[in-house]
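**Student:** following is a predicted model, sequence given first.
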Amino acid sequence: MKSAEIDRLLPGVFQQTLEDEHGPLRALLGVMEALHQPVEDVLGSVDAVFDAYRTPESFVAYLSGWLDLDYLLAEGSGPGKTYELPSGSANLRELIAAGAELMRWRGTKPGLISFLETATGASGFSIDDQTPGPDGLPRPFHIRVDIPAAAEPYRALADVIVRAERPAHITYELSPPAEAAAPAGGDANPG
């Protein structure tokens, strides 16, 4: 609050003493104004705290908890107890910003692909829901998630995401690493 705004809130008797520009009441109001200023600065930009792109770095992991994304975070290597997304803070900010849309599509093929691409920062994921079993017929309630080469460093993160975001009745497998030969049939990784 500015000194002039506080003036108007004072009783009339006090307002009369404010005519003296160098009086003790004027000095007291100046101190009150200075004490309010830091709080007003924070309140003036409080929306930045909750914006995924403008929030301080130290608050990003906390915001992820509000969207139930904290299961993706690993303990960081920096000083103190920090948590970060293995693919980086920028991707975590993108996940937070897209959180409502991702939750809207949760449990669907496009939703899972979008989640994986946002979390890893790599495009090219695909999901095959017609994976053949040992008899050559499509395996019911089973999917194979193909990971692009650019996302290979985040294979463990992709596994955590698929395990958590797929429908509960679906088993899954991740495509073999790009440099490995694909085994016939593949193993299911029930989650």
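**Tutor:** Looks like it arrived, so ask away.
**Student:** how many residues are close by residue 93?
**Tutor:** If you count neighbours by other C-beta atoms under 10 Å, residue 93 ends up with 20. C-betas here are computed from N, CA, C, even on glycine.
**Student:** check residue 118 too.
**Tutor:** With other C-beta under 10 Å as criterion, residue 118 counts 22.
**Student:** touching the host helix or strand of it from outside, list them.
**Tutor:** Element membership of residue 118 [criterion: DSSP states H and E] is helix 109-120. The contact list for helix 109-120 (C-beta atoms under 8 Å, 6 or more residues apart in numbering) reads 72, 85, 87, 91, 94-95, 98, 101-102, 104-105, 123-127, 129, 145, 150-151, 154, 157-158, 161-162, 165-166.
**Student:** apply 6 Å and report the result again.
**Tutor:** 87, 91, 94-95, 98, 102, 105, 123, 125, 127, 151, 154, 158, 161, 165 (C-beta atoms under 6 Å, 6 or more residues apart in numbering).
**Student:** can you give me the buried ones in the longest helix anywhere in the chain?
**Tutor:** In the chain, taking DSSP state H as the definition, the longest helix is helix 24-44. By neighbour count on 16 or more other C-beta atoms under 10 Å, the buried set for helix 24-44 is 29, 33, 36.
**Student:** helix or strand right after that helix?
**Tutor:** helix 46-49.
**Student:** what's the average pLDDT for the helix or strand following that next one?
**Tutor:** Proceeding N to C from helix 46-49, the next assigned helix or strand is helix 57-66, under DSSP H and E. Mean per-residue pLDDT for helix 57-66: 91.
**Student:** repeat for stretch 100-108
**Tutor:** pLDDT averaged over stretch 100-108 gives 93.
**Student:** end-to-end on that stretch?
**Tutor:** In stretch 100-108, first residue to last residue: 15 Å (C-alpha to C-alpha, to the nearest Å).
**Student:** centroid-nearest residue for this protein?
**Tutor:** Of all residues in the chain, the one closest to the mean position by C-alpha atoms, centre = their mean is residue 96, 3.1 Å from it.
**Student:** now it: how far from residue 13?
**Tutor:** 53 Å (C-beta to C-beta, to the nearest Å).
**Student:** circling back: which residues touch whichever helix or strand comes after the helix holding residue 118?
**Tutor:** Downstream of helix 109-120, the first helix or strand assigned by DSSP H and E is strand 126-128. Strand 126-128 is contacted from outside by 109, 143-146, using C-beta under 6 Å, 6+ apart.
**Student:** quick check: domain ranges of the protein?
**Tutor:** 3-44, 47-87, 98-180 (automatic domain parsing).
**Student:** good, wrapping up.
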